Structures are given as C-alpha cells and as structure tokens.
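Asker: build me a model:
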Amino acid sequence: MRERLYRFMQGRYGTDQFTNFLVWFAIILWLVTRFISSIYVNGLFCFMALLMVVYADFRIFSKNYSKRYRENECYLMMTGRIRRYFQKWKHQRQLRRGHRIFKCPSCQQKIRVPKGKGKIAITCPGCRTEFIRRS
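Answerer: Modelled structure (predicted):
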C-alpha cells in the first residue's frame with residue numbers, strides 16, 4: 001500500500017508553506033462558521049473553506065512544478081516581514097530564559113547578562129559606562 005502511494009505521488013508537487021497556509025486558514029474559517037449564526041455568512045465561509053481545501057489538494061497533486069514553485073515564492077515574499085517578526089520574537093524569548101536584558105542608562109544600548117549572578121557591575125560595550133544591577 002505504501003509503495004502504491006509513493007508511486008502515485010512520484011512526479012507530483014506535494015506540500016509546501018502556501019499549501020499548509022491554505023489548509024490551516026480553511027480550518028480556521030470552518031471553526032468560525034461554528035460560532036456565526038447568520039446563514040449567509042456561514043454559507044459563504046464554508047464555501048470559501050471548501051475552495052481553499054480543493055485548491056490545496058490541486059496544488060499537492062499537481063505535476064506543474066515551476067508554476068507551484070512560483071506561487072509558493074510569491075507567498076513567501078508577501079509574508080516575509082510577518083515571519084521575520086515572529087522569528088525575532090521567538091529568538092528574544094529564548095534569550096530571556098537564561099539571560100536578563102538591560103539598557104545602558106547613557107546610550108540606551110541593550111546588554112545581555114546571565115541570570116542568577118546576584119548584584120553585578122555591568123560595563124556597556126558601546127560607551128564604557130558602568131552601572132550596577134541585580135541579575
């Protein structure tokens with residue numbers, strides 16, 4: 001059975017970021033319809049969700065690599081700023097697990113200091129100002 005699926009999918013485009021977005025957005029639209037009481041809006045959202053799932057399936061089973069690749073690149077370019085913002089936010093969260101971030105009182109540069117060291121003297125690498133903080 002697995003070999004048949006592999007043979008069937010051979011030469012097909014498969015999934016990418018844009019396809020994943022379409023499927024997740026369709027799921028969210030479908031969930032929104034569960035909370036809307038208007039018949040017209042409910043029907044419109046269900047229809048839009050169905051179209052997104054059908055288009056995602058079309059993209060998965062398509063054999064036109066170049067066109068699907070260009071569509072995905074366009075999607076990635078349009079969402080680049082949003083993705084970079086969340087990557088930066090995630091990186092900042094990881095930094096704060098083991099470190100504290102202080103701002104220099106004179107030049108406002110951010111300085112990263114390890115947590116749990118008690119009261120320490122911090123020297124700003126930019127302006128060489130020294131200040132004392134509790135890490």
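
Asker: and the helices in this protein, which stretches?
Answerer: Per DSSP state H, the chain carries helices over the ranges 2-9, 17-33, 39-61, 65-78, 80-98.

Asker: so how far is R112 from S135?
Answerer: In this view, S135 and R112 are 10 Å apart by Cβ to Cβ, to the nearest Å. Placement of C-beta: from N, CA and C, glycine included.

Asker: overlap in contacts, those two.
Answerer: The contact sets of S135 and R112 overlap at R100 (Cβ atoms under 8 Å, 6 or more residues apart in numbering).

Asker: spatially central residue for this protein, please.
Answerer: By Cα atoms, centre = their mean, the mean C-alpha position of the chain lies nearest to R83, the distance being 4.9 Å.

Asker: other SSEs contacting the helix or strand of the chain with the lowest mean pLDDT?
Answerer: Across the helices and strands of the chain, mean confidence by mean pLDDT, DSSP states H and E is lowest for helix 2-9: a mean of 86. Counting contacts by 3 or more Cβ pairs under 8 Å, 6 or more residues apart in numbering; DSSP states H and E, helix 2-9 is packed against no other helix or strand.

Asker: hey, what's the angle from that helix to helix 39-61? Just curious.
Answerer: Interaxial angle of helix 2-9 relative to helix 39-61 (axes from the mean of the first three to the mean of the last three Cα atoms, to 10 degrees): 100 degrees.

Asker: tell me, how many residues neighbour R68?
Answerer: 20 (other Cβ atoms under 10 Å).

Asker: how about it: what's its closest non-neighbour residue?
Answerer: Counting by Cβ to Cβ, 6 or more residues apart in numbering, R68 lies nearest to Y13, which is 4.4 Å off, once chain neighbours are set aside.

Asker: what's the pLDDT at the one you found?
Answerer: With respect to pLDDT, Y13 has a value of 90.

Asker: can I assume it is in contact with K63?
Answerer: Yes: assessed by Cβ atoms under 8 Å, Y13 is found in contact with K63 at 7.1 Å.
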